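**Student:** Fold the following.
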Amino acid sequence: MPLDPRPLPRLSRSARWPGLARSVLAVAAVALAGPACGPPVFPVSSRHPLLGQPLPEIHHRQTVDGHPVEVSGGPVLVKFFADYCQPCKVTLPAAQRVHDEYPDVTFVGIDEDESRDTGLDLAHRYGLTFPVVHDGGNVLAGRFRVSAMPATFVADRAGVIRWVGEAGQTEEELRQAVRAAQASAPAR
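**Tutor:** Got it, this is the predicted structure:
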C-alpha cells in the first residue's frame, strides 16, 4: 500500500498540550511506581569490613535471662548496644518496633555492658522481646569488628551481611533493611 503524500494536519499548541501532559504524567507514574512494584532493596549501608561477608557465628550462648541462643540461617538482625550508649536509647526501641512487625526475622541483641544484670535491666527497660546476650568478654564484638555503638548487622536469607547500621541509622532504614532481608532468596 503506497504512503499518502499529503502532510499531516498541524495541531495548535493548545491542542497538543493535553496529549503531552498525559505522556509526562504517565512516565512520572511509572517512575514513581517502579520501586514499589519491584522487590525491596537494602538502604545505603555504613562501610564495614563484614559487609558482603557471612554472618559470624553466634552459638553456645545464653540470653541474659538464661535461655540458650543459637543463630542459624537467615534473615537475621544482630544489634550491639550498651547502657552508656546515648544513641542506643533511640535505636533499641526502634529495633523492638521493627521486631514486632517482622516476627519471622531472627533478632538478637548483644549487650556490651560490664555486667549481665545491666543487660537484663536494659531488656526490661525497653521491653525487648527478642533474645539479648551479654558479651562480657567482648568476644562477639571482636568477631563482628564492632568499634562503636550502636552497631546493627542485617543478614539475608543466605546468611550474608547486607546492611550495617550505626548511630545515625533511622528506624525506616532499619525497617527497609529487614524487609529486604526477608524478601531475599533463601540459601541453597
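
**Student:** On the three-state scheme, residue 140 is what?
**Tutor:** Three-state call for residue 140 (DSSP: H, G, I helix; E, B strand; the rest coil): helix.

**Student:** Please, where are all the strands along this structure?
**Tutor:** Along the chain, counting by DSSP state E, strands occupy 61-62, 68-69, 76-81, 106-111, 132-134, 151-155, 161-165.

**Student:** What mean pLDDT does the fifth one get?
**Tutor:** What that stands for is strand 132-134. For strand 132-134, mean pLDDT rounds to 96.

**Student:** With the third one instead?
**Tutor:** Confidence for strand 76-81, expressed as mean pLDDT, is 95.

**Student:** Would you check how far apart the residue lying closest to residue 153 once chain neighbours are set aside and residue 111 are?
**Tutor:** Of all residues beyond its chain neighbours, the one nearest residue 153 is residue 78 (4.5 Å), with distances taken as Cβ to Cβ, 6 or more residues apart in numbering. In this view, the C-beta of every residue, glycine as well, is placed from N, C-alpha and C. Applying Cβ to Cβ, to the nearest Å, the value for residue 78 to residue 111 is 12 Å.

**Student:** what about those two, which has more around it?
**Tutor:** For residue 78 versus residue 111, the count of surrounding residues by other Cβ atoms under 10 Å is larger for residue 111: 28 against 23.

**Student:** for the more buried one, which residues make a bridge with it?
**Tutor:** Here residue 111 sits in beta bridges with residue 81, residue 134, as judged by DSSP bridges.

**Student:** Now do the contacts for it.
**Tutor:** Applying Cβ atoms under 8 Å, 6 or more residues apart in numbering, we find residue 111 in contact with 64, 81, 82, 118, 119, 122, 123, 132, 133, 134, 135.

**Student:** circling back to that earlier point, which of the strands of the chain is buried the deepest?
**Tutor:** Compared across those, strand 151-155 shows the largest average neighbour count, a mean of 27 (mean count of other Cβ atoms under 10 Å).

**Student:** Check which helices and strands that one sits against.
**Tutor:** With contacts taken as 3 or more Cβ pairs under 8 Å, 6 or more residues apart in numbering; DSSP states H and E, strand 151-155 sits against strand 76-81, strand 161-165, helix 171-183.
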